[in-house]
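J.: here is the input, now give the coordinates:
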Amino acid sequence: MNLQDDPHRRRNPLTGEWVLVSPHRTKRPWKGEVEELPADRLPAYDPGCYLCPGNARAGDARNPAYEGTFVFVNDFSALLPEAPSGRYERGELLLAESERGLCKVICFSPRHDLTLARMSVEEIAPVIDTWIDQYVEIGGLDYVAYVQIFENRGAMMGNSNPHPHCQIWASEHVPLAAASETERQHEYRADRGGCLLCDYLRIELESAERVVFENESFAVLVPFWAVWPYEVMLLPKGHHASIDTLSREERRGLADAIRRLGCRYDNLFRTSFPYSMGAHQRPTDGGDYPGWHLHFHYYPPLLRSATVRKFMVGYEMLGTPQRDITPEGAAATLRGLSEIHY
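T.: Below you'll find the model as predicted:
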């Protein structure tokens with residue numbers, strides 16, 4: 001079997017799920033339109049933006065004149081700490097449970113016109129410090145089992161405001177994706193006595209086939225089992241279960257990796273690259289998770305240009321996810337891009 005020519009499927013060891021890879025389909029003629037979007041022209045301050053310093057938000061809330069990062073409870077939270085406890089059950093098939101939680105917004109900068117790709121390492125470092133502070137603070141609440149930090153970048157990903165920001169959703173139960181990764185990493189450690197992602201990263205660094213770039217603390221790679229065309233993982237080279245154990249040097253390494261990847265993404269199709277990005281790390285329910293290895297997922301939808309995206313339709317909704325561009329091909333493309341923003 002030739003992984004670059006023959007149809008095959010690849011298994012994700014973090015979830016146990018499979019993805020169908022059809023590299024031969026890249027040879028079919030493309031009849032769709034490929035075009036560039038006009039460059040974003042955003043002001044440094046927008047008086048109509050509810051995230052800019054000093055501006056009004058929902059209700060009577062008003063942002064302070066912040067100069068660094070700014071954190072507040074989401075005005076339209078999906079989870080609420082005071083949600084009443086309850087359970088609905090009918091037979092063995094219908095079941096619903098109450099879910100408490102907390103949702104916050106983190107503004108990366110007072111500048112309305114920035115993105116992580118256009119911020120410096122020195123500007124991104126305080127964002128990471130804020131992530132860590134919030135993970136520790138929110139994870140310390142007695143009812144919070146998991147703290148999910150994530151960023152939806154771009155209107156294509158449902159982001160309603162271009163001001164640079166991310167969200168935190170903390171929940172009473174461990175959500176599905178993190179629960180699956182917890183189980184798989186625990187099983188791997190129990191069976192083999194090691195860390196799944198430490199062993200995986202060793203293979204990737206030895207082959208370098210899917211590595212986009214690396215620094216002293218982090219490796220940035222297209223995972224072997226990637227579903228999205230230019231999906232990427234950020235992995236710390238040291239074994240860390242959560243972001244709060246990163247050293248000062250490793251935090252700077254993470255900021256460097258985030259900036260460099262952001263530049264490469266934007267340069268790929270010369271657009272402010274849309275994605276959903278988030279940290280996966282150990283639950284905060286008080287359990288012992290020696291097998292957990294911190295990592296960041298980037299899921300971008302763009303396929304061929306700034307306007308041509310990949311959709312999960314047809315067979316992928318009814319059967320299994322599928323991709324044409326191999327992870328190796330995607331990594332080679334990203335590896336060849338400049339880290340100087342277009």
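J.: relative to D288, how far out is H186?
T.: Look at H186 and D288: by Cβ to Cβ, to the nearest Å, they are 10 Å apart. Where C-beta positions appear, they are placed from N, C-alpha and C, glycine not excepted.
J.: likewise for L303?
T.: Taken as Cβ to Cβ, the span from L303 to D288 is 41 Å.
J.: okay, these two: which has more neighbours?
T.: Neighbour totals were compared for L303 and D288, and L303 leads with 19 against 9 (other Cβ atoms under 10 Å).
J.: tally up the residues packed near the nearest residue to the more buried one once chain neighbours are set aside, please.
T.: Excluding its sequence neighbours, the residue lying closest to L303 (Cβ to Cβ, 6 or more residues apart in numbering) is K310, at 4.4 Å. Counted with other Cβ under 10 Å, residues neighbouring K310 total 20.
J.: do Y275 as well
T.: Using other Cβ under 10 Å, Y275 has 24 neighbouring residues.
J.: same thing with S171?
T.: As a burial measure, S171 scores 21 neighbours (other Cβ under 10 Å).
J.: what about it, distance to D285?
T.: 10 Å.
J.: what touches both of the two?
T.: Common neighbours of S171 and D285, using Cβ atoms under 8 Å, 6 or more residues apart in numbering, are 144-146.
J.: for the stretch 201-342 of the chain, what spans make up the helices?
T.: For the stretch 201-342 of the chain, the helices defined by DSSP state H, counting those that start in this stretch occupy 248-269, 315-318, 327-335.
J.: and those as JSON lines, adding distance to M1?
T.: Output for these, formatted as JSON lines (distance: least, Cβ to Cβ, whole Å):
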{"stretch": "helix 248-269", "distance to M1": "29"}
{"stretch": "helix 315-318", "distance to M1": "21"}
{"stretch": "helix 327-335", "distance to M1": "14"}
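J.: just name the most buried of those.
T.: Comparing these by mean neighbour count (mean count of other Cβ atoms under 10 Å), helix 248-269 ranks first with a mean of 21.
J.: Y50 and H165 touch, don't they?
T.: No: applying Cβ atoms under 8 Å as the test, Y50 and H165 come out as separate, 10.5 Å apart.
J.: neighbour count: those two, which is higher?
T.: Using other Cβ under 10 Å, the more surrounded residue of Y50 and H165 is H165, with 20 against 17.
J.: list the residues that contact the nearest residue to the more buried one once chain neighbours are set aside.
T.: Spatially, and ignoring its direct neighbours in sequence, H165 is nearest to C107 (4.7 Å; Cβ to Cβ, 6+ apart). Under the criterion of Cβ under 8 Å, 6+ apart, the neighbours of C107 are 51, 66, 69-71, 163-165.
J.: report the beta-bridge partners for C107.
T.: Judged by DSSP bridges, the bridge partners of C107 are F70, H165.
J.: do F213 as well
T.: V220.
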